[in-house]
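# 3D, please:
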Amino acid sequence: MKIQLKLLLSIGMLFGIFTIISAKNKSLEQGNPQERLIRIDYNQVTGAFNTMYKECVGAGRANEGLRADWQEQLATARKACGFKYIRMHGLLDDDMGVYKMGRNGEPEYNYQYIDVLYDYLLSIGMKPFVELGFMPSALASGDKTIFWYRGNVTPPKDYAKWAELIRHLVLHFTQRYGADEVKTWYFEVWNEPNLYNGFWTGSQADYFKLYKYTAEAIKSVNKDYRVGGPATAGAAWVPDMIDYCYRNQVPLDFISTHSYGVNQGYLDQYGNTGTVLSKDPKSVSGDIIKTRQQISESPMPHLQLHYTEWSSSYTPSDPIHDSYHEAAYILEKIKQTGDAANSMSYWTFTDIFEEAGPRFRPFHGGFGLMNYEGIKKPAFYAYDYLNKLGKTELADKDSSSWACRDDKGGIQVLFWNYTYTLPDSTNDQQYYIRNLPSKPAGKVKVELTDVPEGTYCLELYQIGYHVNDAYTTYLEMGKPNQLTRQEVAAIKQIDNGSPVRKEIVQVSAGGTFSRELNMRQNDVYLVTLKKVN
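From the prediction side, this is the model:
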């Protein structure tokens, strides 16, 4: 049965994608007749396109970054999605071998694993967004740990020795990579210290003390190095953080915090609380806009704002991460945020992520844009298609689209439908594990005016149910607990992100181009016109 299904899927990929899309669109014509118009004037420029969404992306922990498959996936994400920085936990964990006490009580430092990891990041054109944590056991004041890999979450037993570790580490970075390079990095102090007995056993005052010692140690190496926090869950402590640093003249270059779009539970690594996607249309983006306002109204109104974690859900056991719904969700939240943040770091780029230990299914609701085997999820293609947009943004009154042009005369329009479909009294773990056919959402007409006369190659890309939808493909394979190499290859071939339609079009004098498409709930479309010489 599996072999027959794979064969049918492969045939559909090789010979029938256009027919399949056309058939779906034909059926949608019988649905909602409402038409949505996206009208774009080629000459109405709003300015440089804001790409804060690809400034940074998240990863689980530093030690995972020593794996060959992790590095291969990061290189793929960097190339396709354009991510610039990467942030991860556990840089100072014992499994990175950074710190121990010598026979006479003197500190010993070792950066060989960090060097391997950071050398690799720089080799592929990425930079570290350095999260400083967790506590080396030799410095820890207690034995409280978190996650399968046992990151120590207690304050240092000696803050001066912690500060000396940070100073020594940053000096090492300076000597190895040069001050000009390290000036481009960000240093973030700890992770989610407001989750008491989760990521931090101390008080808020204890965290501020840790921050002060850390920031001053970093600035002692170079005053131009950037440091910030509080890296809190749920957009917490921002006014408190600014007030503390302002009153005590503690260095603070940026605010960082986190937001996720689900209700109930926290630190829910196994998804046991039954997370529920929030109905609030401004979830996540509302937090970001509010935080920007808090900064603007503070004594330090020009601080940068980095959301160093965000996603639909904060558990790596939420099947919405695998679903085609996630692609439209990502685009909706980024669009709503506008220019309120300097970066929104999606959590995470890969399912090679071991907070709950190694996972036992190829699709388990992991955070990643890709699964263990490097299969690209719909969420991956949301970032891939964003990265295909040109550098110049065009005026666009539609609230769920962007239009851009590039310096070669090409035009791109990315648009989507985001629809909340989770039934009442149903949680994510019950709903998004299903095969979920999408309903019609009307027609969309894309109309471009004042387009320069000429010949163009039209490419149409799509994400949605059964289109670049690896999870549904997996479900229809029978949900195997492990995928064979042939099954992995089949899914990658079927859901490969390539255009679903290509054609040559002629734009005559007067410069008008239009296309009408049938939209389904949570579909994503990218229309590109490339000038043909």
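# ok, so what distance separates Arg226 from Tyr42?
39 Å (C-beta to C-beta, to the nearest Å). Quick note: C-beta positions are derived from backbone N, CA and C, even for glycine.
# next one: Tyr186
Using C-beta to C-beta, Tyr186 is found at 37 Å from Tyr42.
# Look at these two and report which has more neighbours.
A count of neighbours by other C-beta atoms under 10 Å puts Tyr186 above the other of Tyr186 and Tyr42, at 25 against 19.
# residue closest to the middle of this protein?
Residue closest to the average C-alpha location in the chain (C-alpha atoms, centre = their mean): Tyr346, at 1.9 Å.
# Show me what the residue nearest to that residue when sequence neighbours are not counted bridges to in the sheet.
Excluding the flanking residues, the one nearest Tyr346 by C-beta to C-beta, 6 or more residues apart in numbering is Val57, at 5.5 Å. As for beta bridges, Val57 partners with Ile86, Tyr346 under DSSP bridges.
# Begin at 50, not 1, for the rest of this chat.
Renumbered: residue one is now 50, and that last one reads Val106.
# need the helices for the stretch 200-349 of the chain, in chain order.
Assigned by DSSP state H, counting those that start in this stretch, the stretch 200-349 of the chain shows helices spanning 208-226, 228-231, 253-270, 287-297, 334-345.
# what comes up buried for the longest one?
Of the residues in helix 208-226, those with enough neighbours to count as buried (16 or more other C-beta atoms under 10 Å) are 208, 210-220, 222-223, 226.
# Leu326 and Gly310 touch, don't they?
Yes - with contacts counted by C-beta atoms under 8 Å, Leu326 reaches Gly310, the gap being 6.2 Å.
# any residues in contact with both of those two?
Ser361, Ser362 (C-beta atoms under 8 Å, 6 or more residues apart in numbering).
# Could you pull out the strands in the stretch 250-399 of the chain for me?
For the stretch 250-399 of the chain, the strands defined by DSSP state E, counting those that start in this stretch cover 275-281, 303-309, 311-312, 325-326, 353-360, 392-395.
# Please name whichever of these is nearest to Lys339.
Closest to Lys339 of the strands of the stretch 250-399 of the chain is strand 303-309 (C-beta to C-beta; 9.7 Å).
# tell me the angle that closest one makes with helix 287-297.
For strand 303-309 against helix 287-297, the angle by axes from the mean of the first three to the mean of the last three C-alpha atoms, to 10 degrees is 160 degrees.
# What lies in contact with strand 303-309?
235, 237, 241, 275, 277-287, 290-291, 332-333, 336-337, 340, 344, 352-363, 391, 396.
# Tell me the helix or strand right after the helix or strand harbouring Thr522.
Assigned by DSSP states H and E, Thr522 belongs to helix 519-525. Downstream of helix 519-525, the next assigned helix or strand under DSSP H and E is helix 534-543.
# now the helices of the stretch 200-349 of the chain in CSV, with mean pLDDT and distance to Gly560?
Formatted as CSV, the helices of the stretch 200-349 of the chain follow (pLDDT from 0 to 100; distance: least, C-beta to C-beta, whole Å):
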stretch, mean pLDDT, distance to Gly560
helix 208-226, 98, 49
helix 228-231, 98, 46
helix 253-270, 98, 54
helix 287-297, 98, 47
helix 334-345, 98, 35
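# With respect to Gly527, which of these lies nearest?
Nearest of the helices of the stretch 200-349 of the chain (C-beta to C-beta): helix 334-345, 37.7 Å.
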